[in-house]
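Asks: how does the following fold in three dimensions:
(one chain, ligands or ions: 1)
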Amino acid sequence: MDQPADSAVTDLFVIGGGINGCGIARDAAGRGLSVTLAEMNDLASATSSAATKLFHGGLRYLEYFEFRLVREALVEREVLLSAMPHISWPMRFVLPYHKDMRFEANTPTSNLLSLVMPWMKGRRPAWLIRLGLFLYDHLGGRKILPPTSTVDLTTAPEGAPLKPHFTKAYEYSDCWVEDSRLVVLNAQDAVARGARVLTRTEMTGAVSENGLWRIETRNTETGEMQTHHARMLVNAGGPWVGDVLQTKVRLNSREGVRLVRGSHIVTRRLYDHDKCYFFQGTDGRIIFAIPYETDFTLIGTTDEDHEDPSVKPVCTEAEQDYLLSFANQYFERPVTRDDIVWTFSGVRPLHDDGSTSATAATRDYTLKVDTSAGAPMLNVFGGKITTYRRLAESALVKIAVQLGKAGEAWTEGAALPGGDFPVSGVADLITGLQRDYPFLTDFWAQRLVRAYGTQAAIILGDAASAADLGQDFGATLTEAEVAWLMTHEFARTAEDVIWRRTKLGLRLDADQVRALDEWMARCRRDAAAAAE
Ligand SMILES: Cc1cc2nc3c(=O)[nH]c(=O)nc-3n(C[C@H](O)[C@H](O)[C@H](O)COP(=O)(O)OP(=O)(O)OC[C@H]3O[C@@H](n4cnc5c(N)ncnc54)[C@H](O)[C@@H]3O)c2cc1C
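Replies: Residues are numbered from 1 along each chain as shown. Sure, this is the predicted structure:
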């Protein structure tokens, strides 16, 4: 991918290639600002590839009276769905009801209810769930997604995998999104609009000199150091936002971040229909069970405090047991350790609002401008995948105040790369791709359209057979696709390809992954030699 040369002074230097950094870089570049973004690992290598992957309003946040966040996120679901109908799609969530569901202690709603209805003893009554779903249906100006309905679990297919005492459920809408692809497509679009995106580039320090930032970076592959200059710094370091602020830039700030780990397990496919379950526990928490990558089920998540961002989050045995036992309160056929094929874990970088429990800490975002060093710095705390575009717009308002410039908001209604087709157009795109490339199997065509949308045909080019796409690494991954990922989507290693650009890690064996890694290493060596 062609990137602009390093210019003497850019308007913005963005630290962090998660969804918030890439979303801000894209928005700013589209308004004509000059932008450099540095990501110390791969794009979306931290929290933004470890989400539950929902564009959602956050039904449970209503119990915390987070109406601003819920409304913004509900409205945003459909805006995002329309801009990226390849990597996101509507989902129905089935919420089985039983009378022992409890609130987490001390939510504003549970406190209110225990005052007026003390005999409920922390139980979450059915009428309250109906009220929450009514608000969920109406707060956000829903146009595409269908409304809430009730389900008779004694007859509906959604009841079949559940224990027989679940007889009634509510069903509501939210959307799925491929989180790590969302990040990469924002970065790709940022570059198309003039930004520079540097991966494997750690920001090691920054000082303000004569009203400008002098920023040092280190290439984590070669060790090469570089100096950049920018008018404004944007700290979108996610779990490292405090580290960047206090250790790298050395500002004396009192802003705090609360790191809350969330883990997921991926099991063999647990049921046949295509809806998700929203399970409420007896501990006040909720988890989801979601159809995943055709042959699997995704179950999560947990809420555990995680002190140190440099400690890689993993799904502990205790968290696996917690998720299994939670799911087993609902599924008739027990889910066991043997069903787990993969786990992943991420750290939510939440703005520290002094909440007592990790579950209660606010999921809303806070943007703080710090000018104490001289040149301005914008720090991003918290935020959801769902609100990234709105967060970027709010960030640009603050940036405009500091820089005295920044064009009009433009991202609402602008498709991400490959997403320039209607929400209802996926089936047509798959049919068209199979017509033009008859060698594609159903699985292959669907996978390509769901990852690349209208860009799938560019990857396939004038191939007349599978052999024309070069080496087959397994599970329909070919040399042509990996070459695209390396040249247009910043992929450097097999791990980038199999766990973030795709989820083919669920299907490739160790030998296949090794062959892929070796092929990519050869490409990197050839490219480095050609550049010398
Ligand atoms: C378990 C879990 C489930 C979630 N589910 C959902 C969901 O379903 N829907 C939803 O909307 N939201 C969800 N979220 C929230 C969402 O994932 C996060 O809010 C979002 O991904 C945060 O993005 P970010 O860009 O701020 O952070 P990150 O994605 O962590 O990005 C920060 C980046 O900064 C880089 N970085 C840090 N320091 C430096 C440095 N010095 N130099 C260069 N780079 C640096 C890091 O390498 C990292 O890649 C979930 C979060 C978790 C943990």
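
Asks: show me which residues of this protein are close to the ligand?
Replies: Neighbours of the ligand within the chain, by Cβ under 6 Å from any ligand atom: 15-21, 38-41, 45-48, 50-54, 56, 202-203, 236-240, 244, 248, 262, 301, 346-349, 383-386. For every residue, glycine as well, the C-beta is placed using N, CA and C.

Asks: now, which of these lie within helices?
Replies: Per DSSP state H, helices hold the following members of these: Ile19, Asn20, Gly21.

Asks: of the residues you listed, which is the most crowded?
Replies: Greatest neighbour count in those, by other Cβ atoms under 10 Å, goes to Asn20: 34 neighbours.

Asks: nearest residue to that residue in space, please, no chain neighbours.
Replies: Closest residue to Asn20 apart from its sequence neighbours, by Cβ to Cβ, 6 or more residues apart in numbering: Ala236 at 4.3 Å.

Asks: look up phi and psi at that neighbour.
Replies: Main-chain torsions, Ala236, degrees, to the nearest 10: phi -110, psi 50.

Asks: test my guess that it contacts Phe13.
Replies: No - counting by Cβ atoms under 8 Å, Ala236 does not reach Phe13; the two are 10.9 Å apart.

Asks: looking at these two, which one has more neighbours?
Replies: Ala236 (30 against 27).

Asks: what's the burial count for the closest residue to Met84 other than its chain neighbours?
Replies: Sequence neighbours aside, Gly419 is the residue nearest to Met84 in space, at 4.1 Å (criterion: Cβ to Cβ, 6+ apart). Taking other Cβ under 10 Å as the criterion, the count of residues near Gly419 is 23.

Asks: could you pull up the residues touching Gly419?
Replies: Ala83, Met84, Pro85, His86, Ile87, Leu185, Gly453, Thr454 (Cβ atoms under 8 Å, 6 or more residues apart in numbering).

Asks: just grab the bridge partners of the nearest residue to Arg196 once chain neighbours are set aside for me.
Replies: For Arg196, ignoring the flanking residues on the chain, the nearest one in space by Cβ to Cβ, 6+ apart is Thr36 at 4.6 Å. Per DSSP bridges, the residues bridged to Thr36 are Phe13, Arg196.

Asks: and Leu504, backbone torsions?
Replies: Phi and psi for Leu504, reported as degrees, to the nearest 10, are phi -70, psi -10.

Asks: return the distance of it relative to Asp339.
Replies: Relative to Asp339, Leu504 is positioned 20 Å away (Cβ to Cβ, to the nearest Å).

Asks: these two: which has the busier surroundings?
Replies: Taking neighbours as other Cβ under 10 Å, Leu504 and Asp339 compare with Leu504 leading, 22 against 19.

Asks: Ala475 versus the more buried one, what's the distance?
Replies: According to Cβ to Cβ, Leu504 stands 5 Å off from Ala475.

Asks: quick one on the thing from earlier: could you dump the ones in helices among the residues of the chain next to the ligand into TSV with pLDDT added?
Replies: As requested, these are exported to TSV (pLDDT from 0 to 100):
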residue	pLDDT
Ile19	98
Asn20	98
Gly21	98
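
Asks: you'd agree Glu216 is in a strand?
Replies: Yes - under DSSP: H, G, I helix; E, B strand; the rest coil, Glu216 sits within a strand.

Asks: show me what it is bridged to.
Replies: Residues in a beta bridge with Glu216, per DSSP bridges, are Gly205, Thr227.

Asks: any low-confidence regions in the stretch 351-500 of the chain?
Replies: 356 (pLDDT under 70).

Asks: what are the ranges of the strands in it?
Replies: 366-370, 377-381, 472-474, 477-478 (DSSP state E, counting those that start in this stretch).

Asks: pick the most deeply packed of those strands.
Replies: strand 377-381 (a mean of 25; mean count of other Cβ atoms under 10 Å).

Asks: which residues touch that strand?
Replies: 20-21, 24, 213, 232-236, 241, 245, 249, 251, 253, 255, 257, 349-351, 365-371, 391, 395, 398-399, 402.

Asks: gap between stretch 34-47 and the chain center?
Replies: Stretch 34-47 sits 14 Å away from the centroid of its parent chain (Cα atoms, centre = their mean, to the nearest Å).

Asks: actually, stretch 458-467.
Replies: Distance, stretch centre to chain centre, for stretch 458-467: 30 Å (Cα atoms, centre = their mean).

Asks: same check on stretch 424-440?
Replies: Averaging C-alpha positions (Cα atoms, centre = their mean) puts stretch 424-440 27 Å from its chain's average.

Asks: contacts for it?
Replies: Here stretch 424-440 has contacts from 85-86, 89, 421, 442, 445-446, 448-450, 453-454, 456-457, 460, 463-466, using Cβ under 8 Å, 6+ apart.

Asks: check which residues of it are buried.
Replies: Gly425, Val426, Leu429, Ile430, Gly432, Leu433, Gln434, Tyr437, Leu440 (16 or more other Cβ atoms under 10 Å).

Asks: quick check: the last one vs the ligand, distance?
Replies: When you say that, I think you mean Leu440. Per Cβ to the nearest ligand atom, to the nearest Å, Leu440 is found 30 Å from the ligand.

Asks: torsion angles phi and psi at that residue?
Replies: phi -70, psi 130.

Asks: give the buried subset of the contacts of strand 377-381 as a ChimeraX selection command.
Replies: Those of those that count as buried under 16+ other Cβ under 10 Å are selected in ChimeraX with:
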select :20,21,24,213,232,233,234,235,236,241,245,249,251,255,257,349,350,351,365,366,367,368,370,391,395,398,399,402
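
Asks: which SSE is Arg92 in?
Replies: Per DSSP states H and E: Arg92 is located in strand 88-96.

Asks: cool, and Lys99?
Replies: Lys99 is part of no helix or strand, with elements assigned from DSSP H and E.

Asks: how about the helices in the stretch 301-450 of the chain?
Replies: 317-328, 388-403, 426-436, 442-452 (DSSP state H, counting those that start in this stretch).

Asks: would you turn these into TSV with distance to Asp174?
Replies: Shown next, in TSV, are these (distance: least, Cβ to Cβ, whole Å):
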stretch	distance to Asp174
helix 317-328	19
helix 388-403	16
helix 426-436	18
helix 442-452	18
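
Asks: could you say what helices and strands the longest helix anywhere in the chain packs with?
Replies: For the chain, the helix with the greatest residue count under DSSP H is helix 510-531. Judged by 3 or more Cβ pairs under 8 Å, 6 or more residues apart in numbering; DSSP states H and E, helix 510-531 is in contact with strand 472-474, helix 479-488, helix 494-495.

Asks: from Glu178, how far out is Trp89?
Replies: Distance, Trp89 to Glu178, by Cβ to Cβ: 10 Å.

Asks: how are the strands of the stretch 51-200 of the chain distributed by residue range?
Replies: For the stretch 51-200 of the chain, the strands defined by DSSP E, counting those that start in this stretch occupy 54-55, 88-96, 149-152, 168-177, 196-198.
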